[in-house]
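S.K.: sequence and predicted model, in that order:
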Amino acid sequence: MTDSHDHAFSTRMSHAGRAGVRIHGFVNPGVHRGSTVLFPTAEARRDGAAKRYEQYMTYGTQGGPTHYALEDVICEIEGGTRCTIVGTGLAAVTLPLMAYLKSGDHCLMPDSVYGPGRNVANTLLKGWGIETTFYDPCVDEAGMAALIRDNTKVVYTESPGSHTFEIQDIPAIARAAHARGCKVLMDNTWGIHTFQPFQHGVDVSIQALTKYVGGHSDILLGSVTVNSEEDHLIVRAAASTIGHYASPDDVWLALRGVRTMAVRLKTQEAASIEVAKWLEAQPQVAKVMHPALPSHPQHALFQRDFNGGCSLFGVVLDAKYSQEDMFRFINALKLYGIGASWGGYESLALPTTGFITRTAGTGDFGGQMLRIHIGLEDVKDLIADLQQGLKQLG
Ligand SMILES: *Cc1c(COP(=O)(O)O)cnc(C)c1O
């Protein structure tokens with residue numbers, strides 16, 4: 001077993017998280033369920049409390065061996081030092097916002113942020129006296145510097161953006177943020193294994209493990225990963241204060257999912273590029289938003305900062321089509337489920353026009369928009385299905 005970063009991603013995914021857990025010779029860690037942790041003596045209990053944020057079991061809510069194995073795997077994937085597992089991806093979004101912001105602070109969020117993240121800013125954070133400004137995700141360093149106020153504490157990022165797939169210049173944004181003492185949070189779900197957040201200036205990386213790590217559309221799970229002890233204590237203490245927890249059964253399924261993630265992603269990414277290129281050539285399609293395509297407006301940034309992509313992208317239909325037309329197209333598809341979550345083995349098609357919000361002037365998409373997730377079906381079948389669906393549009 002190895003923790004070495006010298007090995008290829010697929011090698012590391014076969015070995016990460018298996019050391020340091022008492023697994024009695026079995027290949028995989030077991031599912032450790034539990035609330036109470038028993039101590040041999042009263043003194044051991046007293047002394048153990050100080051180590052509760054250090055993968056040291058004191059009570060079920062501090063996690064156990066199954067959680068710690070997944071924490072180690074996520075650190076291995078993202079290149080961080082410490083990870084906290086929480087019950088959903090959305091909990092991973094809200095936890096660091098609650099940990100780093102207090103009443104009177106200001107937060108910056110990209111206009112393309114995952115919708116429920118916008119919702120928490122506009123509801124709970126607002127109610128607690130925390131103001132949020134939504135900014136153009138394509139902002140440059142000077143533009144970000146101009147947005148930062150004396151009370152700005154968090155610069156939130158998500159690259160590519162939810163549904164519209166803008167690639168953010170994370171190193172430039174991080175330089176501007178750090179110059180004013182702000183923390184840089186990033187939702188790195190799309191870039192799970194291809195974007196190394198801590199090498200690009202991110203302080204706190206958020207993952208919806210629900211997506212490619214789970215990989216089978218059967219669990220909800222999130223992670224918050226950091227690269228310093230200081231940030232770990234802030235995040236872990238907040239998680240403990242609020243009472244975050246994840247079921248060890250779900251954590252175990254994530255550990256199972258991650259072992260095959262490298263091969264799944266390789267296949268799904270390649271198929272998604274093939275499908276995206278095919279769609280781009282169809283007369284009914286105005287635009288395909290896939291960062292790995294040369295036609296993507298921030299393709300150069302993508303090539304600079306990412307080691308590859310994944311299998312989720314956006315499509316804009318020709319402006320002459322109505323929402324009813326788009327619905328007819330989607331309803332005609334036989335191999336694409338109509339649903340929100342992604343990263344599983346199955347393909348999806350989701351209408352997005354009318355279901356997403358943009359408030360910083362980045363909302364003119366030029367036609368009906370949908371989001372496609374490519375699963376593990378054969379790419380020829382997937383293209384043939386889209387072809388018969390597009391025929392519905394004439
Ligand atoms: C799905 C998703 C989340 C939330 O994950 P859940 O586990 O569904 O709560 C957060 N961010 C992004 C980018 C997502 O796609």
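M.R.: That came in fine, so what should we check first? Numbers count the residues shown, from 1 in each chain.

S.K.: domains of the chain?
M.R.: 1-81+225-259, 89-207, 261-393 (automatic domain parsing).

S.K.: now do the phi/psi pair for the residue lying closest to Gly354 once chain neighbours are set aside.
M.R.: Leaving aside its chain neighbours, Gly354 sits nearest to Gln323 (6.4 Å; criterion: C-beta to C-beta, 6 or more residues apart in numbering). Every C-beta, even on glycine, is put in place using the N, C-alpha and C of the backbone. Note on Gln323: its backbone torsions stand at phi -60, psi -40 [degrees, to the nearest 10].

S.K.: quick one: strands adjacent to the helix or strand that contains Gln207?
M.R.: Under the criterion of DSSP states H and E, Gln207 resides in strand 204-208. According to DSSP bridges, strand 204-208 forms sheet pairs with strand 183-187 (parallel), strand 222-226 (antiparallel).

S.K.: what's next to the last one, contact-wise?
M.R.: Applying C-beta atoms under 8 Å, 6 or more residues apart in numbering, the set of residues contacting strand 222-226 from outside is 70-71, 74-75, 78, 80-93, 95-96, 197, 203-210, 232, 235, 239, 246.

S.K.: need the buried ones from those residues selected in PyMOL.
M.R.: Here is the PyMOL command that selects the buried residues among the contacts of strand 222-226 (16 or more other C-beta atoms under 10 Å):
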select buried, resi 70+71+74+75+78+80+82+83+84+85+86+88+89+90+91+92+93+95+96+197+203+204+205+206+207+208+209+210+232+235+239+246
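
S.K.: tell me who's in contact with Arg18.
M.R.: 1, 27-29, 69.

S.K.: count of neighbours near the closest residue in space to Arg180 that isn't next to it in sequence?
M.R.: Nearest residue to Arg180 in three dimensions, chain neighbours excluded: Ile148, at 4.7 Å (C-beta to C-beta, 6+ apart). Ile148: 19 surrounding residues under other C-beta atoms under 10 Å.

S.K.: next up, the contacts around Ile148.
M.R.: 108, 155, 176-177, 180, 182.

S.K.: picking that back up, near the ligand, which of the contacts of Arg18 show up?
M.R.: Among those, none lies close to the ligand by the criterion of C-beta under 6 Å from any ligand atom.

S.K.: save the residues you listed as JSON lines, and put in secondary structure and pLDDT too.
M.R.: JSON lines is the format used below for the contacts of Arg18 (DSSP: H, G, I helix; E, B strand; the rest coil; pLDDT from 0 to 100):
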{"residue": "Met1", "secondary structure": "coil", "pLDDT": "40"}
{"residue": "Val27", "secondary structure": "coil", "pLDDT": "88"}
{"residue": "Asn28", "secondary structure": "coil", "pLDDT": "90"}
{"residue": "Pro29", "secondary structure": "coil", "pLDDT": "88"}
{"residue": "Ala69", "secondary structure": "helix", "pLDDT": "94"}
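
S.K.: tell me the pLDDT at the residue of the stretch 1-150 of the chain found nearest the ligand?
M.R.: Shortest the stretch 1-150 of the chain-to-the ligand distance, computed as C-beta to the nearest ligand atom: residue-wise this is Gly89, at 2.1 Å. We note a pLDDT of 98 for Gly89 in this prediction.

S.K.: what residues does the nearest residue to it once chain neighbours are set aside make contact with?
M.R.: What sits nearest to Gly89 in space, not counting adjacent residues and going by C-beta to C-beta, 6+ apart, is Ala208, at 2.5 Å. Neighbouring residues of Ala208 by C-beta under 8 Å, 6+ apart: 88-90, 92, 187, 189, 221-222, 343.

S.K.: flag the shaky bits of the stretch 201-350 of the chain, pLDDT-wise.
M.R.: In the prediction, the stretch 201-350 of the chain carries no residues with pLDDT under 70.

S.K.: what about the strands in it?
M.R.: 204-208, 222-226, 285-289, 312-317, 348-351 (DSSP state E, counting those that start in this stretch).

S.K.: now these as TSV including distance to the ligand?
M.R.: Formatted as TSV, the strands of the stretch 201-350 of the chain follow (distance: least, C-beta to the nearest ligand atom, whole Å):
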stretch	distance to the ligand
strand 204-208	3
strand 222-226	6
strand 285-289	15
strand 312-317	8
strand 348-351	11
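
S.K.: Ala19 is nearest to which of these?
M.R.: Counting by C-beta to C-beta, Ala19 lies closest to strand 222-226 out of the strands of the stretch 201-350 of the chain; the figure is 18.5 Å.

S.K.: restricting to C-alpha, output that closest one in PDB.
M.R.: Only the C-alpha atoms of strand 222-226 are listed here, as PDB (Å, rounded to 0.1, in the frame of the first residue of the first chain):
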ATOM      1  CA  GLY A 222     -20.100  15.400   0.600                       C
ATOM      2  CA  SER A 223     -16.600  16.300   1.700                       C
ATOM      3  CA  VAL A 224     -14.800  19.500   2.800                       C
ATOM      4  CA  THR A 225     -11.000  19.200   2.200                       C
ATOM      5  CA  VAL A 226      -8.400  21.700   3.400                       C
END
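
S.K.: which one is Val37 nearest to, not counting chain neighbours?
M.R.: Counting by C-beta to C-beta, 6+ apart, Val37 lies nearest to Met57, which is 4.8 Å off, once chain neighbours are set aside.

S.K.: now do the contacts for the one you found.
M.R.: For Met57, the contact set (C-beta under 8 Å, 6+ apart) comprises 37, 63-65.

S.K.: interface residues of the stretch 251-394 of the chain facing the ligand?
M.R.: Near the ligand, when you scan the stretch 251-394 of the chain using C-beta under 6 Å from any ligand atom, you find Ser341.

S.K.: closest point of the stretch 251-394 of the chain to the ligand, which residue?
M.R.: Counting by C-beta to the nearest ligand atom, the stretch 251-394 of the chain gets nearest to the ligand through Ser341 (5.6 Å).

S.K.: residues near that residue, how many?
M.R.: 15.

S.K.: re the thing from before, quick check: which of the strands of the stretch 201-350 of the chain is nearest to Leu393?
M.R.: Closest approach to Leu393 among those is made by strand 312-317 (7.5 Å; C-beta to C-beta).
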